[in-house]
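Student: Sequence and predicted structure, then a few things I'm wondering about:
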Amino acid sequence: MTIGFIGNSQQHESLVENDFAYNSTVTPKHPNLDKVSDGCWERWDIDLLIDQIKNDAINFLHFHEIPYADTLLGDIGIPPSDFIEKYDHIQGVRPALSILFEMHCFSETRNSKKQYAYAHLLRASAYSKQLALLRIESQYLAGKALSLKSEKTLQMYRKQSHLLELYKNFRINEKSPREARKLSALRLKVSMSTVKRWFTLQKLEGAYQKLR
């Protein structure tokens, strides 16, 4: 799995997957989990990793205008079942919500039950990988025989995520929507035509209002 941090277009090999073979069904009873979880807290910046995973899920839900946070317990990834069914036609909604749930469980157990917390982190990482692949399939591989491992495609997703963060920061600093979009494009070194193709001004502003 490749991890890219917002604010940096460079891709990084995931230390989590390199060190431990996992999937979304890993449990705290795995025989190797206790040893790996102890080293995880000592060697890695866990906060950077969880911010990346959670932001990917939140940006996906905001991009598709899924009002998950308006529902009971939606902000921790467990909205009502009828809400999930309403948006289930959008590939990636379930993994994105699962990430929010696993990250919530991680934060609840990271200080008291590290082995359980690490199991939640591993499951969230697996869902994050699934989400990335689903986004590529649904938006770029429809009817095209393109490689799912396209670095160019993955970098574009990272740039879109970074653009949302830049726009949010400029708006917080009282820049107008148009000025914030222009400054974000300049900072990211992306043409305005490309930015407009990615997001309308209304969609950028809508994402900012939800992230406030």
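Tutor: Yes, it's here.
Student: make it CA atoms for all contacts and neighbour counts henceforth
Tutor: Noted.
Student: and stretch 184-201, how far apart are its ends?
Tutor: 12 Å (CA to CA, to the nearest Å).
Student: got it, and stretch 170-183?
Tutor: 8 Å.
Student: Contacts for that stretch next, please.
Tutor: 167, 184, 192, 201, 205, 208 (CA atoms under 8 Å, 6 or more residues apart in numbering).
Student: Now the helix ranked longest in the chain: average pLDDT?
Tutor: Secondary structure of the chain per DSSP state H: the longest helix is helix 114-140. For helix 114-140, mean pLDDT rounds to 81.
Student: Then stretch 95-104?
Tutor: 93.
Student: Report the buried residues of that stretch.
Tutor: 95, 96, 97, 98, 99, 100, 101, 102, 103, 104 (16 or more other CA atoms under 10 Å).
Student: The longest helix of the chain packs against which elements?
Tutor: The contact analysis (3 or more CA pairs under 8 Å, 6 or more residues apart in numbering; DSSP states H and E) places helix 114-140 against helix 33-43, helix 46-63, helix 93-109.
Student: Tell me which of these sits most buried.
Tutor: Mean neighbour count (mean count of other CA atoms under 10 Å) peaks for helix 93-109 among these, with a mean of 21.
Student: related to what we said a few turns ago, so can I have TSV of the helices and strands packed on helix 114-140 showing distance to residue 158?
Tutor: Below are the helices and strands packed on helix 114-140 laid out as TSV (distance: least, CA to CA, whole Å):
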stretch	distance to residue 158
helix 33-43	25
helix 46-63	9
helix 93-109	16
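Student: Which one of those helices lies nearest to residue 152?
Tutor: Among the helices and strands packed on helix 114-140, the nearest to residue 152 by CA to CA is helix 46-63 (17.2 Å).
Student: after that closest one, next one along is what?
Tutor: helix 81-87 (DSSP states H and E).
Student: could you give the mean pLDDT of that next one?
Tutor: For helix 81-87, mean pLDDT is 90.
Student: Could you list the residues in contact with that helix?
Tutor: 66, 93, 94.
Student: Check those residues against residue 156 and report the nearest one.
Tutor: When the contacts of helix 81-87 are compared against residue 156 (criterion: CA to CA), the nearest one is residue 93, at 20.1 Å.
Student: ok, now which ones touch the closest one?
Tutor: Counted by CA under 8 Å, 6+ apart, residue 93 has contacts 61, 84, 87.
Student: and the last one, how far is that from residue 165?
Tutor: If you measure residue 87 against residue 165 using CA to CA, the figure is 25 Å.
Student: Give me the more crowded residue out of those two.
Tutor: Between residue 87 and residue 165, counted using other CA atoms under 10 Å, the more crowded position is residue 165 (20 against 15).
Student: Look up how far residue 188 lies from the more buried one.
Tutor: From residue 165 to residue 188 the distance is 11 Å (CA to CA).
Student: number of nearby residues for residue 83?
Tutor: Residue 83, neighbours per other CA under 10 Å, totals 15.
Student: let me fix that: residue 200
Tutor: The burial count for residue 200: 12, using other CA under 10 Å.
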